[in-house]
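Participant: based on what follows, work out the 3D shape:
(one chain, ligands or ions: 1)
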Amino acid sequence: MIKVLIATDKPFAPVAVKGIREIVEAQGYELVLLEKYTSQAELIAAVSDVDAMIIRSDKATKEVIEAAKKLKVIVRAGAGYDNIDLAACTARDVVAMNTPGQNANAVAELALGLMVYMARNFYNGKSGSELKGKKLGVHAYGNVGQNVGRVARGFGMEVYAFDPYMTDDQIRLAGATPLHSVEELYATCQYVSLHIPATAETKRSINRDLLQRMPPDAVLVNTARKEVIDEEGLAQLMEERLDFKYITDIAPDSDRFAKFEGRFYATPKKMGAQTEEANVNAGLAAARQIVNFIEKGDKRFKVN
Ligand code: 3PG
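Facilitator: So this is what the prediction gives:
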């Protein structure tokens, strides 16, 4: 019998687990669940006899992949797959997939929610500011970026985007004004929302040189990955520029931002994709992709 493991340190909503179970069991497969585990050792033990697995930001390291002797397919229920050792998957002939777009709206709503929260001084009662009429730069205009653009237009923001993988016409059709370099994006926009993946090229690329170009009362919004930020450079800039604000859904590596009271906020746990809707969308897509791969060899969404 095919065994499918859901391994989620940060669990899906119960309704999503129920939906995944229905898809998996309708196929005659068995579903096993490992939630809120506290060590990689637990994950390594759980993968030993599974054919397929669904993860979120869980770390599918070389050790995990090598311990999963029967593994054929691993699906990251979400967009970013920087948590999977793709080389280890390829070496073991394991297909790795993601579920692009499935949690994009949830992340976009959180990004705008964070902007409002900062603009209204964390709802402390003091007079704040509005998003309407402000320039928003969307850094990478993929699934999440385009949803951010859509919601931001609803607030009356002017939406600009930089995306080296899209033409100007594609960006315009998706509702934003195209800009042609990251430097131009950051120099133009008071608000910048990050939607780039964490790759060798992007890690620490959001650095002081880029950020210091932002106009007065700059707000950097990060619902992407902490690794893309040069945290030291950003903290230095915030020391000098008292008008610069940083809001993030991914807690920084150190507590160096704690002192920027009123100008810094991090959610307690990454929660952009943590909605019932996003869990259902991404979780069920992952289950279907597993069934389609095992039954029909369908490798759509393969990333390795
Ligand atoms: C993603 O890459 O899809 C998001 O960062 C969501 O991650 P999560 O599933 O760990 O919440």
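
Participant: ok, the residue in the stretch 201-304 of the chain that the ligand sits nearest to - contacts?
Facilitator: Here the stretch 201-304 of the chain gets closest to the ligand at one residue, Ala273, 3.6 Å apart by Cβ to the nearest ligand atom. Any C-beta I mention is one placed from the backbone N, CA and C, and that applies to glycine too. Residues in contact with Ala273, defined by Cβ atoms under 8 Å, 6 or more residues apart in numbering, are Arg56, Gly78, Asn103, Ala106, Val107, Asn279, Ala282.

Participant: close to the ligand, is stretch 71-88?
Facilitator: Yes: using Cβ under 6 Å from any ligand atom, we find that stretch 71-88 touches the ligand at Gly78, Ala79, Gly80.

Participant: what score does the residue of the stretch 201-304 of the chain closest to the ligand have for pLDDT?
Facilitator: Here the pLDDT value assigned to Ala273 is 98.

Participant: tally of neighbours for the residue nearest to it when sequence neighbours are not counted?
Facilitator: The shortest distance from Ala273 to any non-neighbouring residue, by Cβ to Cβ, 6 or more residues apart in numbering, is to Asn103 (3.8 Å). Number of residues near Asn103 (other Cβ atoms under 10 Å) recorded here: 28.

Participant: thought Asn103 was touching Ala79?
Facilitator: Yes: the criterion here is Cβ atoms under 8 Å, and Asn103 meets it with Ala79 at 6.8 Å.

Participant: what touches both of those two?
Facilitator: Common neighbours of Asn103 and Ala79, using Cβ under 8 Å, 6+ apart, do not exist here.

Participant: the spatially closest residue to Arg256 that is not a sequence neighbour and Ser205: what is the separation?
Facilitator: Using Cβ to Cβ, 6+ apart and skipping the chain neighbours, the partner closest in space to Arg256 is Ala235 (4.7 Å). Ala235 sits at a distance of 16 Å from Ser205 (criterion: Cβ to Cβ, to the nearest Å).

Participant: of the two, which one has the most company?
Facilitator: Ala235 (19 against 16).

Participant: is it true that that one touches Ala258?
Facilitator: No: checked against Cβ under 8 Å, the pair Ala235 and Ala258 is beyond contact range at 10.3 Å.

Participant: in helices, which of the contacts of Ala273 appear?
Facilitator: Ala106, Val107, Asn279, Ala282 (DSSP state H).

Participant: export the residues you listed as TSV, with columns for pLDDT and neighbour count.
Facilitator: Converted to TSV, the ones in helices among the contacts of Ala273 look like this (pLDDT from 0 to 100; neighbours: other Cβ atoms under 10 Å):
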residue	pLDDT	neighbour count
Ala106	98	23
Val107	98	27
Asn279	98	28
Ala282	98	28
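
Participant: return the closest of the residues you listed with respect to Thr38.
Facilitator: Asn279 (21.2 Å; Cβ to Cβ).

Participant: just to check, the closest one is in contact with Lys18?
Facilitator: No: under the contact definition of Cβ under 8 Å, Asn279 does not touch Lys18, with a separation of 10.7 Å.

Participant: got the contact list for the residue in the stretch 51-200 of the chain positioned nearest to the ligand?
Facilitator: Going by Cβ to the nearest ligand atom, the ligand is nearest to Gly78 of the stretch 51-200 of the chain, at 2.5 Å. By Cβ under 8 Å, 6+ apart, Gly78 lies in contact with Arg56, Ser57, Asn98, Thr99, Gln102, Asn103, Ala273, Ala282.
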